[in-house]
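Chemist: sharing a sequence plus its predicted fold:
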2 protein chains.
Amino acid sequence: MTPFKRIGPLFTDLYELTMAAGYHRNGIFEPATFSLFIRDHHRQRAFYLAAGLEDVLQELADFRFSPEEIDYLRETGLFQTDFIDYIRQLHFSGDVYAMPEGTVFFPEEPLVEIDAPIVEAQLLETYLLNTIGFQTLIASKAARCVQAARGKALIDFSLRRTQGQDAGLKVARSSYMAGFAGTSNVLAGKLYKIPISGTMAHSFVTAFDTELAAFEAYADAFPDSCVLLIDTYDTLQGARHAVTVGRRLAQKGHLLKGVRLDSGDIVALSREVRRILDAGGLPDVKIFASSGFDEFSITRALEKGACIDAFGVGTKMGVSADAPYLDIVYKMVHFNGRGVRKLSPGKATRAGRKQVYRRLDGRERYLEDTVALREERLHGMQPLLEKVMQSGQILQPIASLDDLRRRAASNLDALDPVYKTPSAHNGYPVSMSRRLLEIQG
Amino acid sequence: MTPFKRIGPLFTDLYELTMAAGYHRNGIFEPATFSLFIRDHHRQRAFYLAAGLEDVLQELADFRFSPEEIDYLRETGLFQTDFIDYIRQLHFSGDVYAMPEGTVFFPEEPLVEIDAPIVEAQLLETYLLNTIGFQTLIASKAARCVQAARGKALIDFSLRRTQGQDAGLKVARSSYMAGFAGTSNVLAGKLYKIPISGTMAHSFVTAFDTELAAFEAYADAFPDSCVLLIDTYDTLQGARHAVTVGRRLAQKGHLLKGVRLDSGDIVALSREVRRILDAGGLPDVKIFASSGFDEFSITRALEKGACIDAFGVGTKMGVSADAPYLDIVYKMVHFNGRGVRKLSPGKATRAGRKQVYRRLDGRERYLEDTVALREERLHGMQPLLEKVMQSGQILQPIASLDDLRRRAASNLDALDPVYKTPSAHNGYPVSMSRRLLEIQG
């Protein structure tokens, strides 16, 4: 049972295929290097968290056109027979260098580089941008939420408003990797072995004659994992009903797990509800809050003294609402033994196969990065890109999601707090090596 | 070959399942009606275009827990054996009322209503919100782009930056339904029979020693569908190289299809490039433009006199960047013979099973809508929700995507232009019927 599902090589912009046909017709099969990196004109993020590599490795290892896919391409009438015959036997034979998932990185730093015959490398563009781009987008957003929460637990509640099905699954995975405690997404729980979590909706409360009757019925069904949604009619009255139910559960040897707030002035209500629960003899009952939370509103709520033990974080994290896409690009930087670049205004790229080096201080904190040529060795600095595929073969076993989560946590710990506030902009020092600059001509 | 892939009933927030278990344990199986609609506090859209129903109907007709899914739920330890046995045989037995895809609608108007035993209706919540919500989000954004383009062709170029794989496919489908001419997305072309379109990337140009050599190689491979990207080094020089290639193609009886601009001052460049092409004897060569277009920048470019024949519209449409989610909700409005509602501050909902009626003028233009109780008949107005499933069975054959596209076009034509500009906010008159208001108590 693996969560990976092949999407296949037709998950591409048509021009990758027409360019491949152009290369093929002109006998161009030389090795190329393409570099995947984030340009950052918007400066909405002071750091990024790499994600998506596991899917990429499996897709590349599996890269073949199926007979049905070949049939479709033939039926388009766009391609000549010899090209169709050529891609029928095509597989990915290249090398891949990548930052492992869970690595903190910055704009202008390549996080994936592909060395392969130009046709193969070109055909991967759309898939790589989509896969690495989206999962990195969400991991980065989720990491910002985790920083804002100062140790309070966060649960991914975004499934109902993610941009489609694949997004729903990848948001659960990426946010868990970034430090979320779990997800409401049952399928993600199954596929990725992420802890699942859930409470109740207003419809459950309104299906009973009274709120108290609804609470009692739910507590009866889930005596040891009961979180009551208390805002359907009146939040403070709901809190009193929760006390009634909590006391009855306690008499039977169970602990009411929590109550959830989902509307109104959450900060003020959380303090009132905490007082009601404490006065009712239920100091161990947790307060969960949901309702449009993101790193900005979590920060504000905690600064204002909210009594919230855990946040349900939904839509705004699940679509990265303040920055719903990355300016991520995949550019040829080396071809047939020479560096290449483009000069388009505002979109210029730097030639050369690259490595990213990071300098740490004595306490393993990140001081600065240098983007260098791949063959350079920068003294006293750690290289961030690892060779993960060679000649189309995956080199290491796929790391577990919990391993990736630990790497993300240690990477985030090593990053100076100044870059981790919601309002932080770029500023972490990233420079280019002298040799890299020299070859730009 | 169908584009539909079952996602299954685990694509849900956990609380739908815990609530279902709560209903089951308490013997609550009465019929409920849930209503799916957009709240609109943000007022970023003056109209919406309904999408996503085809997937919903197929998923509901197929709604079953597989043995593997049942095993996972059992292993969570959350559910009692009698509930597991109950859902093992569960299928969707309810009725569905819905606006057909391609219908123009407004906030507070239900676009789907589900009548089913409460457990079944509850279990659909997350899936319905995700599916209808996302596809409607994109169809609405794409329709705004189509209006802005004033008849110029739009091509979906978003695949590289959509939020995941499913999003990439659904964006291609939704934008085509909304009036786009095609997509760069090859897999969507195969699955949905959408016209596919593509040009070349900068990497192709940089793989050759000179731009002219790259253009000639591409024209040789695609003499009848050749669109040259001319901004890799210098756009105006690129246009002159395109003229050279276009003339050679003409000598061989082929027509250079177009050139593409992707950076710089697109409006000014488009006029210069048009002049160069015309002076070169190539007045029929089209100018394509891409680079961050959406309804706002398309409007500005055309107002400033851009000489652009077709736009590649990518990221900003594909993630609905200015409004990347809908405030779409699924609320129980009727249960066991009575209307129900909730009163949560800022999130109150109206009780009652509903129908939306629309009044048209003598030229079939939309004048006003009234949300009424389902059993009401409003004289001289057209009902928008149709019964599309009965007792779990799909009632009509699934309409073709081209039929839906025609419906969308005629719906958009019937909407007053005042609602279709990029800056238009809400304002279309939607009222509630007297009887609907009376039952709110």
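Modeler: In hand now; what should we look at?

Chemist: tell me the pLDDT at residue A:99?
Modeler: Confidence at residue A:99, expressed as pLDDT, is 98.

Chemist: now the residue of the stretch 51-200 of chain A found nearest chain B: how far from residue A:214?
Modeler: Relative to chain B, the nearest point of the stretch 51-200 of chain A is residue A:198 (3.0 Å; C-beta to the nearest C-beta). C-beta: built from backbone N, CA, C; applies to glycine. For residue A:198, the distance to residue A:214 equals 16 Å [C-beta to C-beta, to the nearest Å].

Chemist: dump the residue contacts of the closest residue to the residue of the stretch 51-200 of chain A closest to chain B other than its chain neighbours.
Modeler: Nearest non-adjacent residue to residue A:198, counting by C-beta to C-beta, 6 or more residues apart in numbering or on different chains: residue B:14, 3.0 Å away. Residues in contact with residue B:14 (C-beta atoms under 8 Å, 6 or more residues apart in numbering or on different chains) are A:184, A:185, A:186, A:189, A:196, A:197, A:198, B:78.

Chemist: host element of the residue sitting nearest the centre point of chain A?
Modeler: Centroid check for chain A by C-alpha atoms, centre = their mean gives residue A:139 as the closest residue, at 2.7 Å. Here residue A:139, judged by DSSP states H and E, is contained in helix A:125-148.

Chemist: how far away is the residue of the stretch 51-200 of chain A closest to chain B from residue B:261?
Modeler: Distance of residue A:198 to residue B:261, computed by C-beta to C-beta: 50 Å.

Chemist: now the residue of chain A most remote from its centre: how far from residue A:200?
Modeler: Using C-alpha atoms, centre = their mean, the residue of chain A lying farthest from its centre is residue A:251. It sits 43.5 Å away. Applying C-beta to C-beta, the value for residue A:251 to residue A:200 is 22 Å.

Chemist: equivalent analysis for residue A:235, please.
Modeler: Distance, residue A:235 to residue A:200, using C-beta to C-beta: 15 Å.

Chemist: who has more neighbours out of the two?
Modeler: Set side by side, residue A:235 and residue A:200 show more neighbours around residue A:235, with 25 against 22, by other C-beta atoms under 10 Å in any protein chain shown.

Chemist: contacting residues around the more buried one?
Modeler: By C-beta under 8 Å, 6+ apart, the contact list for residue A:235 reads A:261, A:263, A:264, A:269, A:272, A:273.

Chemist: how does it look with 10 Å?
Modeler: By C-beta atoms under 10 Å, 6 or more residues apart in numbering or on different chains, the contact list for residue A:235 reads A:229, A:259, A:261-266, A:268-270, A:272-273, A:276, B:344-345.

Chemist: and of the residues you listed, the nearest to residue B:113?
Modeler: Comparing these against residue B:113 with C-beta to C-beta places residue B:344 closest, at 20.9 Å.

Chemist: state the pair within the contacts of residue B:14 that is farthest apart.
Modeler: The span of those, defined through C-beta to C-beta, is set by A:185 and B:78 at 14.6 Å.

Chemist: which one of these two has more residues nearby?
Modeler: residue A:185 (35 against 18).

Chemist: re the thing from before, so is the helix holding residue A:139 next to chain B?
Modeler: Yes: on the criterion C-beta under 10 Å from any C-beta of the partner chain, helix A:125-148 is in touch with chain B at A:125, A:126, A:127, A:128, A:129, A:130, A:131, A:133, A:134, A:135, A:137, A:138.

Chemist: surely residue A:152 and residue A:299 touch.
Modeler: No: Residue A:152 is beyond contact range of residue A:299, at 11.3 Å (criterion: C-beta atoms under 10 Å).

Chemist: quick one: contacts of the helix or strand bottoming out on mean pLDDT in chain A?
Modeler: Least confident helix or strand of chain A, by mean pLDDT, DSSP states H and E, is strand A:338-339 with a mean of 86. When contacts are defined by C-beta under 10 Å, 6+ apart, strand A:338-339 is touched by residues A:33, A:332, A:333, A:350, A:351, A:352, A:353, A:373, A:436, A:439, A:440, A:441.

Chemist: got a ChimeraX select line for the buried ones in these?
Modeler: Restricted to buried positions by 16 or more other C-beta atoms under 10 Å in any protein chain shown, the ChimeraX selection for those reads:
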select /A:33,332,333,350,351,352,353,373,436
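
Chemist: redo the contacts of strand A:338-339 as a markdown table? Include distance to chain B.
Modeler: Supplementary listing: the contacts of strand A:338-339 in a markdown table, determined by distance: C-beta to the nearest C-beta, whole Å:
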| residue | distance to chain B |
| --- | --- |
| A:33 | 11 |
| A:332 | 4 |
| A:333 | 9 |
| A:350 | 13 |
| A:351 | 9 |
| A:352 | 13 |
| A:353 | 15 |
| A:373 | 18 |
| A:436 | 18 |
| A:439 | 15 |
| A:440 | 14 |
| A:441 | 13 |
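
Chemist: nearest to residue A:85, of the contacts of strand A:338-339?
Modeler: Comparing the contacts of strand A:338-339 against residue A:85 with C-beta to C-beta places residue A:332 closest, at 25.6 Å.

Chemist: just give me how far stretch A:281-291 sits from the chain centre.
Modeler: Taking C-alpha atoms, centre = their mean, to the nearest Å, one finds the center of stretch A:281-291 at 28 Å from the center of the full chain.

Chemist: stretch A:68-76 now?
Modeler: From the chain centre to the centre of stretch A:68-76 is a distance of 33 Å (C-alpha atoms, centre = their mean).

Chemist: now check it, is it near chain B?
Modeler: Yes: counting by C-beta under 10 Å from any C-beta, chain B is contacted by stretch A:68-76 at A:68, A:69, A:71, A:72, A:73, A:75, A:76.

Chemist: in PyMOL, select just the buried ones from those residues.
Modeler: In PyMOL, this line selects whichever of the residues of stretch A:68-76 next to chain B come out buried by 16+ other C-beta under 10 Å:
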select buried, chain A and resi 69+72+73
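
Chemist: sitting in strands, which of the residues of stretch A:68-76 next to chain B do you find?
Modeler: Within the residues of stretch A:68-76 next to chain B, no residue falls in strands by DSSP state E.
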